[in-house]
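J.: Below is the sequence, then the predicted model.
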Amino acid sequence: MKMRILGIICLGILFLAACASTASQPATEESVGATVQPAQSLPVFTEEHMPFKLISTAFAEGEPIPLKYSCDGDDISPPLAWINPPVDTQSYVLIMDDPDAPGGNWDHWILFNIPQDKRELQENMPISAEDKEPGDISVGNSSWGRAEYGGPCPPSGTHRYVFKLYALDTSLSLAPGATKSQVEAAMDGRILAQAELMGTYSR
């Protein structure tokens, strides 16, 4: 009988020790029915995070400019378009030049006061200093001394032709026929962003 009573007492002591051990363990998410928080999702990049970019449907960056946009062809301006300009843009300036010309940069096309809501220039843009009206795009004088587009026309070899688009926080107080140096001086300190597109042409 004494042995049976002693056994019952030992079992009771073991039970109480197990309960105490369980109570002393820290609560876990599983023990209290909590759910695990999901991992943070990666940021989604929308169009507003993309860079200011200049493109053409006629040629891609670094590709040859088609013949019809050169002096050997129809000598018309290529189609251009741009995306994601800065929100504070008030006007654009477009300059096309040839950095490989024998005498240094040769200016082929200069446009300024392009309206801030414009997003493209169609092929063969019908603009010149002579037909400009108030509110229209202004055309500057190229290295040929003409206020109009002049296509690629290298003396020989392959040249690069760079179209540079500037987004400005203002419009420029310049008359049509201004030179590139005058346009660059006027937009100094007013450039919000710049985009470039380069094409090549060989003769």
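T.: Perfect, I can see it now.

J.: which parts of stretch 72-85 are buried?
T.: Using 16 or more other C-beta atoms under 10 Å as the test for burial, stretch 72-85 gives 75, 77, 78, 79, 80, 82, 85. The way it works is simple: take the backbone N, C-alpha and C, and place the C-beta from them, glycine included.

J.: what do you get for stretch 102-121?
T.: By 16+ other C-beta under 10 Å, the buried positions in stretch 102-121 come out as 106, 107, 108, 109, 110, 111, 112, 113, 114, 116, 121.

J.: same deal with stretch 85-97?
T.: Counting neighbours by 16+ other C-beta under 10 Å, the buried set in stretch 85-97 is 85, 89, 90, 91, 92, 93, 94, 95, 96, 97.

J.: Next step: those restricted to helices.
T.: Assigned to helices by DSSP state H, none of these qualify.

J.: farthest pair in these?
T.: For the buried residues of stretch 85-97, with distances taken as C-beta to C-beta, the pair at the greatest spread is 90 and 97 (23.6 Å).

J.: Of the buried residues of stretch 85-97, which is the nearest to residue 171?
T.: The closest of these, once distances to residue 171 are taken by C-beta to C-beta, is residue 91, at 4.5 Å.

J.: The residue lying closest to that closest one once chain neighbours are set aside - how many residues pack around it?
T.: Spatially, and ignoring its direct neighbours in sequence, residue 91 is nearest to residue 171 (4.5 Å; C-beta to C-beta, 6 or more residues apart in numbering). Here the number of neighbours of residue 171 (other C-beta atoms under 10 Å) works out to 17.
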